[in-house]
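Enquirer: Structure here, sequence nowhere to be found:
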């Protein structure tokens, strides 16, 4: 025998009942929190607030309903109970701009406001976006006032941007243990640059998150006739930092990262960093120093490092130990940051499997130049726009103690565009590229000893996504020359849960000789999905590998579908 159907009020709990004497009559469930109920129903433990008059309770009910988008409630009586009729929510139908907005300002670039329920929270979101848009483009002290009309759903934004401001002065408050001016090296701006609040936040992020030298650092702004005067306020915090990260991919399987940093070793802000990364395919253990030898504030520093790495790929397996003592310099333009390292280094390589098995060593001169736009680094955890580029060059000669004479050159990077500059973005386009070249004499007797790091291998999530990881070229060793370009387009902030479908197309070509490219051309179109969840980014792609102008029958089996899944990896 079936039990009788359970009534929602059987246990004496009515989801529409606020408290004794007040009930909500609505198709939608409206719940008041504990603090709100005290102002409606009274608080037995609060003396004068023990009993709330009906007119006062109705006032608070109206305020709380407005927070939820209900602006026209009515009230009736059912015996001793006040019945609350909230009515329908009011939605934002239009946004009107008044005042003196700058020419560049376009309110239609802000998505996900029109059509939303009119609440104080959504108005704060709109106001913050307007202020940020102005402060990012030189207007440091704008006045923005919003007024909403629930009867029509219209929101009027009155904008008075104030004067265009350039950065005139930075007042750096003292930091315990650091000499004055030592935080200048982290600035993503220069005196005289147009005011850009994102560059101020990026500077704070460099200090507290990227480098981790301080616990907190932020700027306050005062607008004057001579420009914006910034005051930097900082808190030192602990000197030792530990970061732990986990990820996963179908190529590396479980990925673990550990970082330990000892900061503020001296009054000039020097630091030492130990880091480790481990997965099925590769294991790294690195130690590096950021040493500032000059007594005056400077962006010059020394970068001594030692590293040991092991790679286990299908085509090769090797262990590498390296050390170096390069000098380094950073500098900024209005929109871009630069980091240059150059100096001597030593590398020992033990190749366990693949071509050139055995031991080799290299005494090298090296150059590293990283170029990153401020807008890219500002949004690095959710890439939307900007670019990042890296150039590296290593020079080794057998006449100067190296096993093989070889010069290794690499230029790689990626660039992203927020199409139509919507906020939040709707369509994001991305381009990435890799250019590798090793210059060496293939006819020299020492050439067969050249180890895997001097060769190029394509395939997998970091290059040609329609092929297996480092599957290309189909030869007994890698290529001396490689060129890869990949494009991607994705739809963002449009689907439920912010699922972001994407399509991509990768193309590459490789050569077995220096400065020479051979057929076939490798192409891999495909599609996938990105999900920026609250616990991290998930990516899934499915690509198809194709060969164009293939004249080698041994390559026929390379074409296939390739699936990839990752947690924590970006484009």
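Expert: Perfect, I can see it now. Fair warning: this is a prediction, and the values are worked out from it, not measured in the lab.

Enquirer: tell me, what residue is most central in this structure?
Expert: The residue lying closest to the centre of the chain (Cα atoms, centre = their mean) is residue 381, at 1.5 Å.

Enquirer: Local confidence estimate at that residue?
Expert: Note on residue 381: pLDDT of 89.

Enquirer: So, low pLDDT: which residues of this protein?
Expert: 1-15, 571 (pLDDT under 70).

Enquirer: Which segments of it make up each domain?
Expert: Domain assignment for the chain by automatic domain parsing gives 17-85, 94-160, 303-567.

Enquirer: Any idea which of those domains gets closest to residue 172?
Expert: domain 303-567 (16.4 Å; Cβ to Cβ). (Each C-beta comes from the backbone N, C-alpha and C, glycine too.)

Enquirer: just to revisit the earlier point, most tightly surrounded among the domains of the chain?
Expert: Most buried of those by mean neighbour count (mean count of other Cβ atoms under 10 Å) is domain 303-567; its value is a mean of 18.

Enquirer: Measure how far it is from the centre of its chain, please.
Expert: The chain centroid and the centroid of domain 303-567 are separated by 19 Å, computed with Cα atoms, centre = their mean, to the nearest Å.

Enquirer: same check, this time on stretch 223-242
Expert: Counting by Cα atoms, centre = their mean, stretch 223-242 comes out at 23 Å from the chain centroid.

Enquirer: which helices and strands does the top helix by length along the chain pack with?
Expert: In the chain, with assignment by DSSP state H, the single longest helix is helix 120-135. Here helix 120-135 touches strand 143-149, strand 154-160, helix 197-205, going by 3 or more Cβ pairs under 8 Å, 6 or more residues apart in numbering; DSSP states H and E.

Enquirer: With distance to residue 548 as extra columns, can I get these in a markdown table?
Expert: As requested, the helices and strands packed on helix 120-135 are exported to a markdown table (distance: least, Cβ to Cβ, whole Å):
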| stretch | distance to residue 548 |
| --- | --- |
| strand 143-149 | 55 |
| strand 154-160 | 53 |
| helix 197-205 | 42 |
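
Enquirer: picking up where we left off before, could you look up the SS state of the residue nearest to the centre of the chain?
Expert: Recorded secondary structure, residue 381: coil (DSSP: H, G, I helix; E, B strand; the rest coil).

Enquirer: just to revisit the earlier point, now the longest helix of the chain and strand 143-149, what's the angle there?
Expert: Orientation note: helix 120-135 sits at an angle of 150 degrees relative to strand 143-149 (axes from the mean of the first three to the mean of the last three Cα atoms, to 10 degrees).

Enquirer: Just the residues contacting helix 120-135, thanks.
Expert: Contact with helix 120-135 is made by 66-67, 92, 95, 102, 105, 107, 110, 113, 116, 142, 144, 146, 148, 155, 157, 159, 161, 195-198, 423, as judged by Cβ atoms under 8 Å, 6 or more residues apart in numbering.

Enquirer: do stretch 358-367 as well
Expert: Against stretch 358-367 from outside (Cβ under 8 Å, 6+ apart): 324, 326, 340-351, 391-396, 400-404, 406, 449-451.

Enquirer: Inside strands: which ones of the residues you listed?
Expert: Mapping these onto strands (DSSP state E) picks out 324, 340-351, 391-396, 406.
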